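Peer 1: Here is a sequence with its predicted model. Questions after.
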Amino acid sequence: MQPLTIAGRQFQSRLFTGTGKFSSAALMEEALLASGSEMVTVALKRVDMQQQADDILTHLHHPHLHLLPNTSGVRTAKEAVYAAQLAREALETNWIKLEIHPDPRYLLPDPIETLLATEELAKLGFVVLPYIHADPVLCKRLESAGTAAVMPLGAPIGSNKGLKTFDFLEIIIQQSKVPVIVDAGIGAPSHAARAMEMGADAVLVNTAIAVAKAPVQMAQAFKLAVEAGRQAYESGLAAASRQAIASSPLTAFLDEF
Amino acid sequence: MFTEIFTRHNWDEVKAGIYAKTASDVERALAARRRTLDDFAALISPAAAPYLEEMARISHQLTLQRFGNTMQLYIPLYLSNECQNICTYCGFSLNNSIARKTLGAGEILQEINAIKAMGFDHVLLVTGEAQQTVGLDYFRKALALVRPHFSNISMEVQPMDEADYRELIPLGLYGVLVYQETYHQADYKLHHPKGKKSNFRYRLETPDRLGKAGIHKMGLGVLIGLEDWRTDSFFTALHLQYLEQTYWQTKYSISFPRLRPFSGGLAPKVEMSNRELVQLICAYRLLNQEVELSISTREEEAFRDRLVKLGVTAMSAGSKTNPGGYVVDRQSLGQFEISDERSAAEIAEMLHQQGYEAVWKDWDPSLAI
């Protein structure tokens, strides 16, 4: 399988993971290790950036785990830029998962503020991965603004509903010059495999692993699904078979000429 | 303003509507993909009692999906028990002859240290209503003292003007709890005969003022025991729905304080059983998957332990309801009796045993300017 490259950094695993909703930090760590994931997102609101012994961060100290802080909780571009700068200072990474969802109920991303913040953060030298609606035009605008990747949602975050935005994800993948990571809504390994088969560069999964009855086994299941989906994509999926047609009533006459 | 919607509803009609709900209304509500206020009315009605197990199952599943295996912990910091209001049910009532106490700066810092030592990072500041001593100026100073020590600060104090909230939010105020106590206007007057709190409408419009000021979170609720809890809860849900539609950038939480005894206080007019409280909690979750549901140490240990899996998402722990209660003046009189006296560490361990992680920090000051 081809590795994934974002902003010059290579990832062997195309499964990105979240760190919320687990029943303990130890279980989170075990599940993340089982997933093979090399990119884990962590909410700034959950970690104590001033404290070395933060319970979540200490469980993420593995050389292969690349930390992706997210700005969940901010409501505007201005707040996001401020939070990203503090995170860069405290966590020593210029990677930022930009989450601007001023609506705390459905956590749907604000496209206007997200675009403004991406422009600003890219100028400041950040590697920006914005969480967005599956909006193909917004993706192109974010590319121009200097985004490192785009992270369109498959369905409302935490909903486990799968790829409700399928048709728009197809357009985004077809048009995109930056990696496309399907974020939010992936509730089952089959959803993840489907996203990878259609050519997504990676998927991000959190709730479906954290809330499963056996999170470690579910993490492995997602690992396998993402690998299978990617390998299928790289192998070139055969076209779905159509019904055989015995005769050619519209074009058979051509044989007579 | 919510007042416009409120005045279109008649208490007696709402109540009659709830009590007229039938088993088929409940079944329709249970089967609905998205539930309406009318479904909520069915779910809190007596007709829903036989469906409690199914409600609990759905509530657990919806809560788990949204909030995961986690429980937020918070603790109240009572700053003052001075109060100019008469409230028939409250230990701080003006006519209650108790020694009054308002913490000074040094005392607040002592209490902060004690709370921090328990592991808390979210704090709820609580006072009575005494404008002269515990007014805007006092809150400015209190926030300045508290802010460096906590990631998240909420207040449960007297309702204030929009301009006051606008001033306090940049000083670190994240959330405000303001309970209507009861939406029964005539009864409200009976229970609040004197003081600024007797103004029903000013209190009713407090969430509007908070929303306009851009508060991050607000908490709603009624004091269960003053009036018919089903009708009061319907009005709370009506209020919540209006607020969510109007101030869509704000997060909401609901609390379910049941009237607790205090020395010389009022006995509840309406008793709510444990079974009914569970019904109410589940009904809220079935109505709204995202709203935070909070339970305080008013409730007993064994009962609180069972509520963990029924829809609740936030719990207080190790609480004292008297100013100075943690170290400064342990004997001062509290607002109500605590039923669950376990320490915060014990609550965290209880949660762990149930497969839940105690969340001490779920906000960061860097996320708001």
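Peer 2: On my side now, so go ahead.

Peer 1: Up against chain B, what does the stretch 51-200 of chain A have?
Peer 2: Residues of the stretch 51-200 of chain A lying close to chain B (C-beta under 8 Å from any C-beta of the partner chain) are A:71, A:73-75, A:78-79, A:82-83, A:86-87, A:102-106, A:158-160. All C-beta atoms are positioned from the backbone trio N, CA, C, and that covers glycine.

Peer 1: Write out the residues of chain B neighbouring chain A.
Peer 2: Selection of chain B residues close to chain A by C-beta under 8 Å from any C-beta yields B:64-70, B:121, B:151, B:217, B:244, B:248-251, B:290, B:352, B:355-357, B:359, B:361-364, B:366-369.

Peer 1: Just the buried ones from the residues of the stretch 51-200 of chain A next to chain B?
Peer 2: A:71, A:73-75, A:79, A:82-83, A:86-87, A:102-105, A:158-160 (16 or more other C-beta atoms under 10 Å in any protein chain shown).

Peer 1: Packing partners of the host helix or strand of A:E89?
Peer 2: Here A:E89, judged by DSSP states H and E, is contained in helix A:77-91. Applying 3 or more C-beta pairs under 8 Å, 6 or more residues apart in numbering or on different chains; DSSP states H and E, one finds that helix A:77-91 contacts strand A:66-70, strand A:95-98, helix A:111-123.

Peer 1: pLDDT (mean, whole number) over the very next helix or strand once past the longest one?
Peer 2: Using DSSP H and E, the helix or strand that follows helix A:111-123 towards the C-terminus is strand A:127-132. Mean pLDDT, computed over strand A:127-132, is 98.

Peer 1: just stretch A:143-152 next, same as before
Peer 2: 96.

Peer 1: Check which residues of that stretch are buried.
Peer 2: For stretch A:143-152, the buried set under the neighbour-count rule, 16+ other C-beta under 10 Å, comprises A:143, A:145-152.

Peer 1: okay, how far is it across it, tip to tip?
Peer 2: 13 Å (C-alpha to C-alpha, to the nearest Å).

Peer 1: quick check, distance from it to the centre of its chain.
Peer 2: Centroid separation for stretch A:143-152 versus its chain: 12 Å, with C-alpha atoms, centre = their mean, to the nearest Å.

Peer 1: Over to stretch A:180-193?
Peer 2: 8 Å.

Peer 1: Could you list the low-confidence segments of the stretch 51-200 of chain A?
Peer 2: A:52 (pLDDT under 70).

Peer 1: now the stretch 151-300 of chain B
Peer 2: B:261-265.

Peer 1: run the last query once more with 90
Peer 2: Counting by pLDDT under 90, the ranges of the stretch 151-300 of chain B that qualify are B:191, B:193-196, B:259-271, B:298.

Peer 1: Can you name the residue of it nearest chain A?
Peer 2: Chain A sits closest to B:K251 of the stretch 151-300 of chain B, with a gap of 4.0 Å, by C-beta to the nearest C-beta.

Peer 1: Surely that residue is in contact with B:E292?
Peer 2: Yes: contact status for B:K251 versus B:E292: in contact at 7.1 Å, counting by C-beta atoms under 8 Å.

Peer 1: what's the longest helix in chain A?
Peer 2: helix A:215-235 (DSSP state H).

Peer 1: Extract the CA atoms of it and return them as CSV.
Peer 2: Output of helix A:215-235 as CSV, limited to C-alpha atoms (Å, rounded to 0.1, in the frame of the first residue of the first chain):
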residue,chain,number,x,y,z
PRO,A,215,-12.9,-1.0,21.9
VAL,A,216,-9.5,-2.8,21.3
GLN,A,217,-11.0,-5.4,19.0
MET,A,218,-13.1,-2.8,17.2
ALA,A,219,-9.9,-0.8,16.7
GLN,A,220,-8.4,-3.8,15.0
ALA,A,221,-11.5,-4.3,12.9
PHE,A,222,-11.2,-0.7,11.6
LYS,A,223,-7.5,-1.2,10.9
LEU,A,224,-8.3,-4.2,8.7
ALA,A,225,-11.2,-2.4,7.0
VAL,A,226,-9.2,0.6,6.2
GLU,A,227,-6.4,-1.5,4.8
ALA,A,228,-8.8,-3.6,2.7
GLY,A,229,-10.6,-0.6,1.4
ARG,A,230,-7.3,1.1,0.4
GLN,A,231,-5.9,-2.0,-1.2
ALA,A,232,-9.1,-2.5,-3.2
TYR,A,233,-8.8,1.1,-4.4
GLU,A,234,-5.2,0.7,-5.4
SER,A,235,-6.0,-2.6,-7.2
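
Peer 1: Report whether that helix contacts chain B.
Peer 2: No: no part of helix A:215-235 sits near chain B under the criterion C-beta under 8 Å from any C-beta; the closest distance found is 9.1 Å.

Peer 1: Nearest to the middle of chain B, which residue? Look it up for me.
Peer 2: Centroid-nearest residue in chain B: B:S255, 3.6 Å away (criterion: C-alpha atoms, centre = their mean).

Peer 1: What count of nearby residues applies to the spatially closest residue to it that is not a sequence neighbour?
Peer 2: Of all residues beyond its chain neighbours, the one nearest B:S255 is B:G221 (4.0 Å), with distances taken as C-beta to C-beta, 6 or more residues apart in numbering or on different chains. Neighbourhood size, B:G221 [other C-beta atoms under 10 Å in any protein chain shown]: 20.

Peer 1: mind checking the SS state of B:D25?
Peer 2: With DSSP: H, G, I helix; E, B strand; the rest coil as the basis, B:D25 sits in helix.

Peer 1: tell me the contacts of whichever residue of the stretch 1-150 of chain B sits closest to chain A?
Peer 2: Closest residue of the stretch 1-150 of chain B to chain A, C-beta to the nearest C-beta: B:G68 (2.3 Å). Going by C-beta atoms under 8 Å, 6 or more residues apart in numbering or on different chains, B:G68 touches A:20-23, A:207, A:210-211.

Peer 1: In space, what's closest to it - neighbours in sequence excluded?
Peer 2: Using C-beta to C-beta, 6+ apart, the nearest residue to B:G68 is A:K21, at 2.3 Å.

Peer 1: Surely that neighbour touches A:N206?
Peer 2: Yes: taking C-beta under 8 Å as the definition, A:K21 is a contact partner of A:N206 at 6.7 Å.

Peer 1: what comes up buried for the longest helix along chain B?
Peer 2: Secondary structure of chain B per DSSP H: the longest helix is helix B:229-246. For helix B:229-246, the neighbour count (16+ other C-beta under 10 Å) marks B:229-244 as buried.

Peer 1: any idea which element B:Y252 lies in?
Peer 2: strand B:251-255.

Peer 1: tilt between the helix or strand following that strand and helix B:229-246?
Peer 2: Using DSSP H and E, the helix or strand that directly follows strand B:251-255 along the chain is helix B:274-287. Relative orientation of helix B:274-287 and helix B:229-246, computed by axes from the mean of the first three to the mean of the last three C-alpha atoms, to 10 degrees: 20 degrees.
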